[in-house]
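> Here's my sequence, what's the structure:
(chains A and B)
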Amino acid sequence: MNIIINGSPTFAYATVDLEPNESIVTESGAMATMSTAIELVAKLNGGFIKGLVRKFAAGESLFINHFVNKSTQTQRLTLTQPTPGDLICHELNGETIQLQPTAFVACEPGVTLDTKFAGFVSFISGEGLFKITVSGRGKVLFGAFGGIIQRQVKGEMIVDTGHLVAYDPQLKLKIQMSGGLISSLTSGEGLVTRIEGDGRVWLQTRNLQGFASWVNRFF
Amino acid sequence: MNIEFEYRPGSTAVKITLDAQESITAEGGAMIAMSPNMDIQTTTQKNKGGGGGLLSGVKRMFAQESFFFNHFTAKDHSGTIYLGTSLPGDMINLELTGKKIFVQGGSYVASSADVHMETRWQGAKNLLSGESLFWIELSGHGNAIINAFGVIYPIDIDGEYIIDTGHIVAYEEGLNFTLSKAGSSWMSSILGGEGIVCLFKGKGRIWCQSHSSTTFGQQITPHLKAIKK
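Residues are numbered from 1 along each chain as shown, chains lettered A, B, ... in the order given. Sure, this is the predicted structure:
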């Protein structure tokens, strides 16, 4: 499988070449164009009851798509995400990463997708009640609204709410005020997330909520 | 005429340099900046001075284009003009050599004098396709500039190809599309969130946009507040 990302960082999209019998698992609605020789099979996202919980509690799609090349030649499809922004193709070698539910775009079949309860800290910080864990071996494609900053956390790091895209599982998230009570209320930063531990984080340079509140001023 | 694109692909603007007496037609509202020696004529017609353009202006509004066209002519010596669009994204130049090109309503920016433009009803299938009901048909010879939400990339089709709704920018004569499913099963296509897709058949080039403004709109809608009364 060959994955090329073009259009970074504002309008990244992925061109995926599938060899015969290769397949890719994608988020619902991620396909933009594809060869007619590729077969699409929609599968429940990990069992019916679990899938329903995810759909109604986490706002995730009930189904995920498996695109399979059943022909004898290389076939192409392109994948995209709903928001403008960057995409990252990350190769997993047995480790686990936590993703925000909206960040997941696609993965190779060797990657296991799971939805986990993220805790109330995550919910309060605007990152949602659930998170997606990706583990196993293979490429994972995830995206963001805006550019993606990758940082190594050593000890701790403060991230504004709504900007966390992905992080290593050993990191702990805590919610706190950005400063004292008055400065937190007046600085426009409000609540922030304190990330503790050693590991990687991926942050997005824009946040949809922030963009929407700017648009709202015109209504 | 010299056409250059700047700030691609996120915030593309086109810089057009016109020789003396040369002119270009642009969609109303597209001009960002221009030399002082430009003469502007505003009509509802693609071609300057033509009469009876009211109906074609109304038809164009159905194609999500503006009612008026502006014709920019460099008067005594050469001049430059910058054109932009309201959405972030890319622009490209299509060179017309006699073959017709169908452009998604809303994606037309500008065209040179010998390009002919018609607004065409593209059939009730577009009620379901999520594309516009009216498309812009370009013919003749010359340059046409189109824009999109995201990166524009071409795909050369010979046979069949699937394009998801909301990702078509323009396609050449020789291609035609019907509404279909992704893969061989309607069940998978609908459950998998791909729903209805456009199945293109024939031989020719199609230009796709990397992102769909409709999908982005749906993404942001839950965060928007109702209009204040």
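> Tell me how many other residues surround the nearest residue to A:Asn2 once chain neighbours are set aside.
The shortest distance from A:Asn2 to any non-neighbouring residue, by C-beta to C-beta, 6 or more residues apart in numbering or on different chains, is to A:Asp17 (4.3 Å). Every C-beta, even on glycine, is put in place using the N, C-alpha and C of the backbone. A:Asp17 has 15 neighbours, counted by other C-beta atoms under 10 Å in any protein chain shown.
> Kindly report the same for B:Gln21.
By other C-beta under 10 Å, the burial measure for B:Gln21, its neighbour count, is 12.
> I'd like to know how far the residue nearest to the spatial centre of chain A sits from chain B.
Residue closest to the average C-alpha location in chain A (C-alpha atoms, centre = their mean): A:Ala103, at 1.7 Å. Taking C-beta to the nearest C-beta, to the nearest Å as the measure, A:Ala103 falls 13 Å from chain B.
> how about the nearest residue to that residue once chain neighbours are set aside, what does it touch?
Computed as C-beta to C-beta, 6+ apart, the closest residue to A:Ala103 that is not its neighbour in sequence is A:Phe142, at 4.5 Å. Applying C-beta atoms under 8 Å, 6 or more residues apart in numbering or on different chains, we find A:Phe142 in contact with A:87-88, A:90, A:99, A:103-105, A:165-166, A:202.
> for A:Phe142, phi and psi?
Dihedral pair for A:Phe142: phi -130, psi 160, per degrees, to the nearest 10.
> What score does it have for pLDDT?
For A:Phe142, the pLDDT comes out at 97.
> Kindly report the same for the one 4 residues further on.
According to the prediction, A:Gly146 has pLDDT 94.
> With B:Phe102 instead?
94.
> Quick one: residues contacting it.
B:Phe102 neighbours (C-beta under 8 Å, 6+ apart): B:120, B:122, B:135-138, B:170-173.
> Where does pLDDT dip in chain A?
Low-confidence segments of chain A, defined by pLDDT under 70: A:46-48, A:50-61, A:125-127, A:180-189.
> where exactly do the helices run in it?
Counting by DSSP state H, chain A has helices at residues A:48-53, A:120-124, A:181-186, A:208-216.
> Enumerate the positions of the shortest one that are buried.
This points to helix A:120-124. Neighbour-count burial for helix A:120-124, counted by 16 or more other C-beta atoms under 10 Å in any protein chain shown, picks out A:Ser122.
> which secondary structure elements does it contact?
Applying 3 or more C-beta pairs under 8 Å, 6 or more residues apart in numbering or on different chains; DSSP states H and E, one finds that helix A:120-124 contacts strand A:172-177.
> chain center to the strand it packs on: distance?
Between the centre of strand A:172-177 and the centre of its chain there are 20 Å (C-alpha atoms, centre = their mean, to the nearest Å).
> quick one: buried residues of that strand?
When burial is assessed from 16+ other C-beta under 10 Å, strand A:172-177 yields the following buried residues: A:173, A:175.
> Pairing partners for it, with directions?
Each strand paired with strand A:172-177, and its direction, by DSSP bridges: strand A:191-204 (antiparallel).
> Buried residues of the partner strand, list them for me.
Under the neighbour-count criterion of 16+ other C-beta under 10 Å, strand A:191-204 has A:192-193, A:195, A:197, A:199, A:201-204 buried.
> repeat for stretch B:78-97
Buried residues in stretch B:78-97, counting neighbours by 16+ other C-beta under 10 Å, are found at B:79, B:81, B:83-85, B:87-94, B:96.
> ditto for stretch A:156-166
Buried residues in stretch A:156-166 (16+ other C-beta under 10 Å): A:157, A:159-166.
> Now do the SS call for B:Ser189.
Classification of B:Ser189 by DSSP: H, G, I helix; E, B strand; the rest coil places it in helix.
> Could you verify my assumption that it touches B:Leu179?
No: using C-beta atoms under 8 Å, B:Ser189 is not in contact with B:Leu179; the gap is 10.9 Å.
> which residues do those two both contact?
Contact with both B:Ser189 and B:Leu179 is made by residues B:196-197, according to C-beta under 8 Å, 6+ apart.
> Those two: who's more crowded?
Counted by other C-beta under 10 Å, B:Ser189 and B:Leu179 do not tie: B:Ser189 has more neighbours, with 22 against 15.
> give the contact list for the more buried one.
Residues near B:Ser189 by C-beta under 8 Å, 6+ apart: A:40, A:42, B:181-183, B:195-197.
> Which members of those are the farthest-apart pair?
Spatial extent of the contacts of B:Ser189 (C-beta to C-beta) is set by the pair A:Ala42 and B:Ile196 at 14.3 Å.
> and these two? which has more neighbours close in?
Per other C-beta under 10 Å, whichever of A:Ala42 and B:Ile196 has more neighbours is A:Ala42, with 23 against 18.
> pretty sure the more buried one is touching B:Ala182, no?
No: contact criterion C-beta under 8 Å: A:Ala42 and B:Ala182 do not qualify, at 9.4 Å.
> Chain neighbours aside, what residue packs nearest to the residue nearest the centre of chain B?
With distances taken as C-alpha atoms, centre = their mean, B:Ser107 lies nearest the centre of chain B, 2.0 Å away. Using C-beta to C-beta, 6+ apart and skipping residues adjacent in sequence, the residue nearest B:Ser107 is B:Ile146, 4.7 Å away.
> Tell me which residues touch that neighbour, please.
Shown in contact with B:Ile146 (C-beta under 8 Å, 6+ apart): B:91-92, B:94, B:103, B:107-109, B:152, B:169-170, B:207.
> quick one: what helix or strand has it in it?
B:Ile146 belongs to strand B:134-147 when assigned by DSSP states H and E.
> what about the next helix or strand after that strand, near chain A?
Note on strand B:134-147: by DSSP H and E, the next helix or strand toward the C-terminus is strand B:152-164. Yes: looking at strand B:152-164 against chain A by C-beta under 8 Å from any C-beta of the partner chain, the contacts come from B:153, B:155, B:159-164.
> For the helix or strand that contains B:Thr17, which strands pair with it and how are they oriented?
Assigned by DSSP H and E, B:Thr17 belongs to strand B:13-18. Strand pairing for strand B:13-18, using DSSP bridges, gives strand B:2-6 (antiparallel), strand B:79-83 (antiparallel).
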